[in-house]
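Colleague: need a structure here:
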Amino acid sequence: MATASPNPIDPSVVNPPVALVGAGPGHGAYLTLQAAQVLRQAEVLVHDALVDRALLDWIPATCERIDVGKRGGQPSPSQPEIDRLLVAQWRSGKRVVRLKAGDPFVFGRASSEIQALQAAGATFELIPGLSSALAGPLLAGIPLTDAVLSRCFAVASAHEPDELHWEALAQLETLVFLMAGRSLPEITRQLIRHGRSSVTPVAVIRAAATPQQQVWTGTLESIALQTERVSLSPAVVVVGEVVRLRDFLAPWGQGFVLPQLPELHELGPAGAIDPVDHPPLVQPFMLQPSMPQPSIAQPLVGKTVLVTRSLNQAGSFTGRLQAAGAQVLEVPALEIGPPSTWEPLDQAIADLQRCHWLILTSTNGVEAFFSRLQAAGKDSRALAHCKVAVVGQKTAQCLQQFGIVPDFIPPDFIADALVSHFPESLRDRTVLFPRVETGGRDVLVKELSDQGATLWEVPAYESRCPAALTPEAIALLRAKRVDAITFASSKTVKNFLILLQRAGFEIDQVAGACLASIGPQTSQTCRDLFDRVDAEAREYTLDGLAEALETWAIAQQSTP
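Modeller: The predicted structure is shown next:
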């Protein structure tokens with residue numbers, strides 16, 4: 001025998017449709033006019049956790065509010081429970097609004113709710129919202145498409161990274177990951193594992209489209225480390241070369257002013273929104289740049305800095321400048337690659353037992369030497385009888401990654417100081433010196449030889465001038481929007497001038513920019529080629545270079 005439904009539907013009564021509404025990416029200013037109108041008519045509001053709480057003031061005072069937001073680690077309704085709730089509320093005959101963060105059809109689980117409504121015979125309507133996948137990058141100054149850098153993009157949820165087709169994703173020019181805060185290390189690991197370059201730019205946008213928005217930029221190799229102590233949720237992650245465009249498309253950096261939401265009376269009576277009679281609803285919804293004021297803590301706020309180090313070496317230095325408030329554009333003036341032949345270095349490694357000292361003056365030299373050592377089937381034990389000298393703490397740190405602590409580091413982090421402070425006589429000593437193939441300074445070679453050493457000078461890597469400046473750098477230089485340019489070697493100075501000339505620029509194109517040098521030799525090259533140097537590191541390291549630039553910026557603040 002048939003039983004009666006617990007909630008029989010009177011066919012003569014037509015219940016209002018359930019409205020599935022997109023609330024937009026964050027701040028209520030990005031709600032659509034249609035969505036605002038529906039909210040003003042709501043009798044029951046079923047809303048997510050990420051919805052701007054200010055929107056709840058837009059609904060009528062008599063509207064029942066039901067929070068079904070899912071919060072990590074806290075009790076929250078399951079999706080089937082939400083489905084049943086919507087059906088039950090629709091059967092009550094009230095105007096039900098299901099308010100979802102972003103857009104209902106972008107990872108909004110709307111399909112489950114619609115199927116439940118359809119099974120119950122309920123009607124529904126869909127009102128789109130602006131997804132954070134689109135708004136987040138835009139408000140961070142990152143275009144998802146570009147005629148040169150990005151002809152397509154893909155949006156993925158990082159909620160279950162093991163379910164993603166990483167091999168396919170790694171081939172696309174631009175990727176956007178939602179719900180990515182906890183999965184960032186896995187995202188970077190998988191993309192590198194499936195062939196994406198470790199220096200691919202990455203941006204993490206936390207709390208997009210809200211006054212709390214924060215943006216971190218780095219590379220696949222560095223971004224997880226940069227943000228490891230930060231609670232990122234909710235986060236949008238952008239991967240691709242378009243991230244570099246932020247440096248001049250978002251000149252105000254992370255600071256911006258969001259409009260105030262209209263008061264209820266500005267919306268007019270329920271269901272009546274007239275953009276002519278009520279312009280406050282329409283006109284304020286525009287992102288306004290707001291230039292933060294420089295401070296001692298962030299002396300580089302508002303400054304655009306070009307970094308000319310090679311692309312795979314700029315990461316930590318760029319992060320230091322960004323922490324000081326700078327907008328940084330990496331413009332590599334060096335490309336590091338293998339030498340024309342490995343034969344001299346391989347032969348030296350084969351005869352390594354004859355060497356008394358190994359001298360390494362750069363991280364490039366360290367990495368090249370140990371790469372060929374491994375290729376010869378050897379490891380750091382091959383250096384058991386040989387002492388190692390390095391120039392600079394960065395080189396020493398790189399060496400320690402291979403299990404070796406250097407026997408000697410000169411007090412001044414320049415090659416000239418190595419011989420003058422060397423701890424023992426070099427007479428009758430055999431010294432292996434892996435170095436750049438062309439363009440390096442010969443002073444160390446001459447002084448080692450003058451001290452009586454038998455010198456094995458072998459090419460370990462080559463540093464070349466790139467073909468051209470990046471389009472972003474050209475645009476910034478042409479617009480006279482570069483505040484400073486950093487040089488970590490004489491070769492970067494020389495190559496940067498070549499790149500300027502290839503772009504059709506004269507030297508005066510950088511007349512208004514601070515030229516910052518890592519040390520005396522680099523400064524002299526700046527003077528030789530540009531007739532000036534404006535800041536020089538006291539300690540000849542990248543940290544010293546950053547400090548010199550910060551000191552320059554603080555002096556600029558005090559200049560009337």
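
Colleague: low-confidence stretches in this structure?
Modeller: 1-13, 70-75, 211, 250-297, 310-315, 412-416, 441, 558-560 (pLDDT under 70).

Colleague: can I get whichever helix or strand residue 216 is part of as PDB, trimmed to CA atoms?
Modeller: Taking DSSP states H and E as the criterion, residue 216 maps to strand 214-219. Presented in PDB, the C-alpha positions along strand 214-219 are these (Å, rounded to 0.1, in the frame of the first residue of the first chain):
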ATOM      1  CA  GLN A 214      48.700  39.400   0.400                       C
ATOM      2  CA  VAL A 215      50.900  38.300  -2.500                       C
ATOM      3  CA  TRP A 216      54.100  36.300  -2.500                       C
ATOM      4  CA  THR A 217      56.100  35.700  -5.700                       C
ATOM      5  CA  GLY A 218      59.000  33.300  -6.300                       C
ATOM      6  CA  THR A 219      59.700  30.200  -8.300                       C
END
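
Colleague: packing partners for it?
Modeller: strand 201-206, helix 223-226, helix 315-323 (3 or more CB pairs under 8 Å, 6 or more residues apart in numbering; DSSP states H and E). Just so you know, the C-beta spots here come from the backbone N, C-alpha and C atoms, and that holds for glycine as well.

Colleague: need the ones you listed in TSV with mean neighbour count, can you?
Modeller: Putting the helices and strands packed on strand 214-219 into TSV (neighbours: other CB atoms under 10 Å) gives the following:
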stretch	mean neighbour count
strand 201-206	25
helix 223-226	19
helix 315-323	20
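
Colleague: can I get these in a markdown table with distance to residue 550?
Modeller: Converted to a markdown table, those look like this (distance: least, CB to CB, whole Å):
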| stretch | distance to residue 550 |
| --- | --- |
| strand 201-206 | 24 |
| helix 223-226 | 19 |
| helix 315-323 | 9 |
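
Colleague: contacts for stretch 243-251, please.
Modeller: By CB atoms under 8 Å, 6 or more residues apart in numbering, the residues outside stretch 243-251 that reach it are 140-143, 146, 149, 201-203, 215, 217, 289, 304, 327-330, 470, 472, 475-476, 479, 481.

Colleague: try it again at 6 Å.
Modeller: Applying CB atoms under 6 Å, 6 or more residues apart in numbering, the external contacts of stretch 243-251 come out as 141, 142, 143, 201, 203, 217, 327, 329, 472, 476.

Colleague: repeat that for stretch 494-501.
Modeller: 308, 333, 465, 469, 529.

Colleague: go with 10 Å
Modeller: 306, 308, 331-335, 439, 463-470, 473-474, 477, 485, 487, 489, 505-507, 509-510, 515, 525-526, 528-530 (CB atoms under 10 Å, 6 or more residues apart in numbering).

Colleague: chain center to that stretch: distance?
Modeller: Chain-centre distance of stretch 494-501: 27 Å, with CA atoms, centre = their mean, to the nearest Å.

Colleague: and it, what's buried?
Modeller: Within stretch 494-501, the residues that qualify as buried are 494, 495, 496, 497, 499, 500, counting by 16 or more other CB atoms under 10 Å.

Colleague: helix or strand right after the strand or helix carrying the third one?
Modeller: Using DSSP H and E, residue 496 maps to helix 490-502. Downstream of helix 490-502, the first helix or strand assigned by DSSP H and E is strand 514-517.

Colleague: then the helix or strand just after that next one to PDB, C-alphas only?
Modeller: Per DSSP H and E, the first helix or strand lying C-terminal to strand 514-517 is helix 520-530. Presented in PDB, the C-alpha positions along helix 520-530 are these (Å, rounded to 0.1, in the frame of the first residue of the first chain):
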ATOM      1  CA  PRO A 520      84.800  47.700  -6.000                       C
ATOM      2  CA  GLN A 521      85.500  45.900  -9.300                       C
ATOM      3  CA  THR A 522      81.900  45.900 -10.300                       C
ATOM      4  CA  SER A 523      81.700  49.600  -9.300                       C
ATOM      5  CA  GLN A 524      84.700  50.400 -11.500                       C
ATOM      6  CA  THR A 525      83.000  48.800 -14.500                       C
ATOM      7  CA  CYS A 526      79.900  50.900 -13.800                       C
ATOM      8  CA  ARG A 527      82.000  54.000 -13.900                       C
ATOM      9  CA  ASP A 528      83.800  52.900 -17.000                       C
ATOM     10  CA  LEU A 529      80.600  52.200 -18.900                       C
ATOM     11  CA  PHE A 530      77.900  54.400 -17.300                       C
END
